[in-house]
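Colleague: turn this into a model:
(2 chains)
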Amino acid sequence: MKIASLSLQNFKSYREVQKIPFGIDEKYITIFEGQMGHGKSNLLNAFYWCLFGQYWDSDKSILIDDPNPAEVSLFNKGALQDNTEDGTILELFVEIEFYDDEKSKFTLRRTQKSTYINKLWKFENSSKISLEKIDARNGEYTKYAPEEAIGEVQKFFPRSLSNYFLFRGENRAQLVKLQGRKEFQLALRELSKLEVFTRTENHLSSVLDDLRTELAAQASAEIKKQMQELLENKKSAESSKKEFEGEVAKLVTIENQKKDEYEYYGNKIKENQIALELKLKMENEERQVQDLQKQIQSWESNRQRELTKKWVAMGVFPLFSEVKVKYQEAVKSGHYPPDISQTLVDKILDDLICICGTHLRNDKKALEKIQKLRELGTIDTGLLHEVEKLINEIERGERLIVEFPQQIKDIDENKRQLLSEVRAKQLIINGYKSKIGDLDFSLEELQKKQDEANDEYIKTREKIKELKDWIDIKKKEIENFETEFQKLEDKLDKSNLPAIRVELAEKALAATRELKKKFEDSIYKDLEKHTQENWELLVYDKLYYEKVILDRESMYFEVLDRNGHPSRAIMNTGHQILLVLSFISALIKIAKDVWEEEFPLVMDAPLSEIGDSAIPTALLGFGQVFNQTIVILKDGTVNQAILNQIKKKVGKRYWIEFDKKKQHSKIIEQ
Amino acid sequence: MDKYDKTLTQLLTRFYTNSKVDEEVRRMVKDIINSEMSKLDNGKAWGIKQEIRSIIDREAQLKTKRKRK
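Modeller: Next up, the predicted model:
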């Protein structure tokens, strides 16, 4: 089947009615982009809720059946807050339109209501579903009763597969669990008739025990005693084995929890380390800002100095000119230098000192000569040179005045550049602040918790190993029972009815076990084969991970390298995720064979740990297993280079933006 | 009939016609599996052990008769 669209209102962060059509057929990929916390993952929950009445709680990592809106916030918060008039009824809905492979159209709608009474929202206990069908062959319209609708939906979207085609890529532990024993067996059971053999084996085994007890009752006293002892021992071994297995199941849950915890704290430490790195970077940026601000201040005082200097120069410029004219006139008159009047010399010198006083006062030699000039009223060559130098100063003053606007402009430009650098750095600092805002820095504490989780994990694993050894011992005891009991049976008259019954039941049980093994093998072989095929399809670079095999004991997939050595444990995260996806795709292929119906794949943040170069291969590979792929990205937007490679297959691309004021996630087609 | 129904049918047919296995064992297994299937289809498991016991008993009686002859 293909999912044509999803519509929703008042569900989680989606307040207003929105309908989202998906890419189908040739353009089978739909991509959702948007920043973190803008409502992307709520879309995956819209699928869970509408199709199965389930809710994925990502904080607790659990799938909740029939979530209660009083405990799980299904309703849009904004809608609840803004509609507080007594008697107000608020309805949330999610609707999925899909087509089966014969192109008949189905509309599945799940709704739930809430009423505002006495300043409280009263939520309906359970959601309601409705299903409508328009037959592609004759256009016939069918509306299913709710109980029929559940069964009908189950035909298209089997609940045991919900974990698989609705794919949560939040963390590795969750992913690995997808091929874990319980979920895996449930899915397989639903996919095949394996259950028939399991039940037959159990029932036959129990009947055989009864028949053996009856046989023992009729035997001679000595054999009877031995048989009864053996039967008792077997019973006790079976009960211990069962007890140990139950214990192992509990411990496996703890082991997984501890593994999750270890991973969780590892991520937290990583996040904190990233935050610390960001903090250091931020401090560095802040230091740079301070340096820049100092530079700005220095440019500011330069500017001030330049301005003062220039304004002074401009102010005394007429005086410069006057001195120059007087000097030239004196030279022209022919009386100067010997006859030049003392008054004029004084005037010139005063003016010069006034204009370039600092310069002259700092030059003692020049000052002495000027003093001499003043005393003698005469002039020598050296003095003339000094006067010429002063004249040059005057010219420099003129030049400064001409250049003044450009210099000030340059200073202003520099200051502007520094200010914009400061602003850019402030933005970076604010970004860092927002990223590290929610994190604590108790790295030691986190490290301690991670170590504790690891210790618990190792201890649990050891306990499991110990118990498994005990289970093996009990299994051997049960096996030995068979041999021992056979020996006693051989001592009896085999022609009597109870002995014949036991013999026949034994043969029937052995044959059933053989058949079960063969049937399981055919399914596991298919799983292995499909997983290997998908591994080749989805993985961009297999590196040395060559052959995928299913470990029948643990029900986990192992990957062998070129030399046939197990190498799953050393695989990087990206490859591990692709291995799980290959396995999921294999399961879906089997489902396709059983249901004779094609399946879409909806994935939330599946590719976050996969390298950019590997993503196009994976996305295009899904097209060969699933008839439709809906991808919700983890954060931000898809890389343009990736988009270029897959764009021929991308039917729809959406951006999700959360409006805080309205409390609404808006889906915008790009 | 889906792929694994077919696989199951083929597997059982091969077994039911396998002359290397005693006829009475094939008959018993066939009847027991059919009973289990019918219980599964009806969603009920009640009485299955009784049915299995009757099937075994039936074959045991036949075998005893054969031996007597």
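
Colleague: what's the pLDDT at A:Lys12?
Modeller: A:Lys12 carries a pLDDT value of 94.

Colleague: so it is in contact with A:Tyr48, correct?
Modeller: No - under the criterion of C-beta atoms under 8 Å, A:Lys12 is not in contact with A:Tyr48, lying 11.3 Å apart. Any C-beta I mention is one placed from the backbone N, CA and C, and that applies to glycine too.

Colleague: could you pick out the residues of chain B near chain A for me?
Modeller: Residues of chain B lying near chain A by C-beta under 8 Å from any C-beta of the partner chain: B:2-5, B:7-8, B:11-12, B:15, B:21-22, B:24-26, B:28-29, B:32-33, B:36-37, B:39-40, B:45, B:48-49, B:52-53, B:56-57, B:59-61, B:63-64, B:67.

Colleague: show me the contacts for the residue of chain B found nearest chain A.
Modeller: With C-beta to the nearest C-beta as the measure, B:Lys3 is the residue of chain B nearest to chain A, at 3.8 Å. Residues in contact with B:Lys3 (C-beta atoms under 8 Å, 6 or more residues apart in numbering or on different chains) are A:590, A:593-594.

Colleague: quick one: which of the residues you listed has the most company?
Modeller: A:Ile590 (20 neighbours; other C-beta atoms under 10 Å in any protein chain shown).

Colleague: can you pull out the helices in chain B?
Modeller: Assigned by DSSP state H, chain B shows helices spanning B:3-16, B:23-42, B:48-68.

Colleague: ok, the stretch 101-250 of chain A next?
Modeller: Remark: helices assigned in the stretch 101-250 of chain A by DSSP state H, counting those that start in this stretch are A:146-156, A:162-165, A:172-177, A:181-191, A:194-218, A:221-332.

Colleague: ok, which of these comes nearest A:Ala586?
Modeller: Of all the helices of the stretch 101-250 of chain A, it is helix A:162-165 that lies closest to A:Ala586, at 10.1 Å by C-beta to C-beta.

Colleague: low-confidence ranges in chain B?
Modeller: B:1, B:43-45, B:68-69 (pLDDT under 70).

Colleague: mind redoing it with 80?
Modeller: B:1-3, B:40-46, B:67-69 (pLDDT under 80).

Colleague: same question for the stretch 1-150 of chain A.
Modeller: Residues of the stretch 1-150 of chain A meeting the criterion pLDDT under 80: A:36-37, A:58-62.

Colleague: tell me, what's the model's pLDDT at A:Gly315?
Modeller: So, for A:Gly315, pLDDT stands at 58.

Colleague: what's the answer for A:Arg189, then?
Modeller: For A:Arg189, pLDDT reads 68.

Colleague: follow-up on the earlier one: so which of the contacts of B:Lys3 are in helices?
Modeller: Short answer: these in helices (DSSP H) are A:590, A:593-594.

Colleague: quick revisit: quick one: which of the helices of chain B is nearest A:Glu243?
Modeller: helix B:48-68 (23.2 Å).

Colleague: what's the closest non-adjacent residue to whichever residue of the stretch 501-650 of chain A sits closest to chain B?
Modeller: Residue nearest to chain B within the stretch 501-650 of chain A: A:Asp593 (3.8 Å; C-beta to the nearest C-beta). Nearest non-adjacent residue to A:Asp593, counting by C-beta to C-beta, 6 or more residues apart in numbering or on different chains: B:Lys3, 3.8 Å away.

Colleague: per-residue pLDDT, the residue in the stretch 201-350 of chain A positioned nearest to chain B?
Modeller: For the stretch 201-350 of chain A and chain B, the shortest gap (C-beta to the nearest C-beta) falls at A:Val207, measuring 4.9 Å. If you check A:Val207, the pLDDT there is 95.

Colleague: equivalent analysis for the one 10 residues further on, please.
Modeller: Among the per-residue scores, A:Ala217 shows a pLDDT of 89.

Colleague: so what's it up against?
Modeller: When contacts are counted by C-beta under 8 Å, 6+ apart, A:Ala217 is found next to A:Lys224.

Colleague: any idea how far it lies from A:Asp210?
Modeller: 11 Å (C-beta to C-beta, to the nearest Å).

Colleague: quick one, what contacts residue 12?
Modeller: No chain was given, so I picked chain A. A:Lys12 makes contacts with A:39, A:42, A:45-46, A:73-74, A:76, A:665, as judged by C-beta under 8 Å, 6+ apart.

Colleague: wait, I meant chain B there
Modeller: Here B:Leu12 is in contact with A:515, B:30, B:33 (C-beta under 8 Å, 6+ apart).

Colleague: check A:Gly87 too.
Modeller: A:115-117.

Colleague: how about these in TSV, adding neighbour count and distance to A:Gln257?
Modeller: As requested, these are exported to TSV (neighbours: other C-beta atoms under 10 Å in any protein chain shown; distance: C-beta to C-beta, whole Å):
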residue	neighbour count	distance to A:Gln257
A:Thr115	14	39
A:Tyr116	17	40
A:Ile117	11	41
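
Colleague: tell me the one of the residues you listed nearest chain B?
Modeller: Nearest member of the contacts of A:Gly87 to chain B, counting by C-beta to the nearest C-beta, is A:Thr115, at 37.8 Å.

Colleague: doesn't A:Thr88 make contact with that closest one?
Modeller: Yes - judged on C-beta under 8 Å, A:Thr115 makes contact with A:Thr88 at a distance of 7.1 Å.

Colleague: residues near A:Gly53, how many?
Modeller: Residues near A:Gly53, counting by other C-beta under 10 Å, number 20.

Colleague: from chain B, how far out is it?
Modeller: Noted for A:Gly53: a distance of 21 Å to chain B, by C-beta to the nearest C-beta, to the nearest Å.

Colleague: surely that residue meets A:Arg110?
Modeller: Yes - using C-beta under 8 Å, A:Gly53 is in contact with A:Arg110, at 6.9 Å.

Colleague: list residues touching both of these two?
Modeller: A:127, A:129.

Colleague: that older thread, of the contacts of B:Lys3, the lowest pLDDT goes to which?
Modeller: Minimum pLDDT across the contacts of B:Lys3 is recorded for A:Val594, with 75.

Colleague: just the buried ones from the contacts of B:Leu12, in PyMOL syntax?
Modeller: Applying 16 or more other C-beta atoms under 10 Å in any protein chain shown to these, the buried members can be selected in PyMOL as follows:
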select buried, (chain A and resi 515) or (chain B and resi 33)
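
Colleague: ok, so of the contacts of B:Leu12, who is nearest A:Pro616?
Modeller: A:Leu515 (44.8 Å).

Colleague: need the contact list for the closest one.
Modeller: Contacts for A:Leu515 (C-beta under 8 Å, 6+ apart) come out as A:197, B:11-12, B:15, B:29.

Colleague: could you confirm it falls within a helix?
Modeller: Yes - counting by DSSP: H, G, I helix; E, B strand; the rest coil, A:Leu515 is part of a helix.

Colleague: so A:Ala70 is in contact with A:Glu124, correct?
Modeller: No - in this structure, A:Ala70 is not within contact of A:Glu124 by C-beta under 8 Å, at 10.4 Å.

Colleague: list the buried residues in stretch A:94-106.
Modeller: A:94-100, A:104, A:106.

Colleague: what pairs with A:Glu91 across the strands?
Modeller: Following DSSP bridges, A:Glu91 is listed with bridge partners A:Lys113.
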